[in-house]
Structure formats: structure tokens, C-alpha cells
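A.B. asks: This is a predicted model, with the sequence first.
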Amino acid sequence: MASYTAQTKLSPTKIIERASKHFGAVTGAMKIASKSDTSLCLESLDGYVTITVCPGEGKAKNTLDIETSQFDEQVREFLRSL
């Protein structure tokens with residue numbers, strides 16, 4: 001299991017939308033286990049990716065907390081795309 005943290009000015013909705021598309025396109029086998037306005041959990045037989053967005057106050061950047069098992073390279077690609 002690995003954990004990643006990043007900050008972005010993208011809205012939580014946009015982050016979750018991009019993550020859904022990215023991990024669906026990259027792995028092809030991941031299914032959405034749960035989804036909300038600020039979180040997304042994708043699972044497959046090989047592992048999982050869980051993304052939680054902590055909205056910043058005012059003009060502060062939003063913080064992403066990502067936990068994964070077996071999808072480290074895909075998570076790093078996603079973070080670079082932000």
C-alpha cells in the first residue's frame with residue numbers, strides 16, 4: 001500500500017471526474033466501489049485506488065489524499081496530469 005498527497009486549484013468535482021476517466025482508461029478493469037462529491041474508490045481484482053479531496057478554504061488549494069495498492073505508476077501519472 002502506498003499513500004500520496006498533492007494540492008491543486010481544480011475543484012473537487014473536476015478532480016473526481018478526471019480520476020474516474022483516468023483510472024477507467026488506464027486500467028480498463030477498475031470499477032467504482034464508491035463515489036461522492038469529494039471521494040472516489042476504485043477497485044479491481046489486482047488492487048484499488050482511493051482518492052479523498054479536502055477542499056481548501058477561500059482561495060486555498062484543494063488537497064488530494066490518495067491511497068493505492070498495485071497502481072502506483074497510474075497514480076503518479078494522474079498526479080502529473082493535474
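C.D. replies: Perfect, I can see it now.
A.B. asks: How about the backbone phi and psi for residue 14?
C.D. replies: Dihedral angles phi and psi of residue 14 (degrees, to the nearest 10) take the values phi -70, psi -40.
A.B. asks: Just give the number of residues close to residue 66.
C.D. replies: Counted with other CB atoms under 10 Å, residues neighbouring residue 66 total 22. For the C-beta atoms, the positions are set from N, CA and C on the backbone; glycine is no exception.
A.B. asks: Export the worst-scoring helix or strand of the chain on mean pLDDT to PDB, keeping only CA atoms.
C.D. replies: Scoring the helices and strands of the chain by mean pLDDT, DSSP states H and E places helix 12-27 at the bottom, with a mean of 85. Extracted in PDB, the C-alpha atoms of helix 12-27 (Å, rounded to 0.1, in the frame of the first residue of the first chain):
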ATOM      1  CA  PRO A  12     -13.300  18.600  -6.000                       C
ATOM      2  CA  THR A  13     -15.900  17.700  -8.700                       C
ATOM      3  CA  LYS A  14     -13.400  18.200 -11.500                       C
ATOM      4  CA  ILE A  15     -10.800  16.100  -9.700                       C
ATOM      5  CA  ILE A  16     -13.200  13.200  -9.100                       C
ATOM      6  CA  GLU A  17     -14.400  13.400 -12.700                       C
ATOM      7  CA  ARG A  18     -10.800  13.300 -14.100                       C
ATOM      8  CA  ALA A  19      -9.800  10.500 -11.800                       C
ATOM      9  CA  SER A  20     -12.800   8.400 -12.900                       C
ATOM     10  CA  LYS A  21     -11.800   8.900 -16.500                       C
ATOM     11  CA  HIS A  22      -8.100   8.400 -15.900                       C
ATOM     12  CA  PHE A  23      -8.300   5.200 -14.000                       C
ATOM     13  CA  GLY A  24     -11.000   3.700 -16.100                       C
ATOM     14  CA  ALA A  25      -9.000   4.400 -19.300                       C
ATOM     15  CA  VAL A  26      -5.600   3.400 -17.900                       C
ATOM     16  CA  THR A  27      -6.600   0.100 -16.300                       C
END
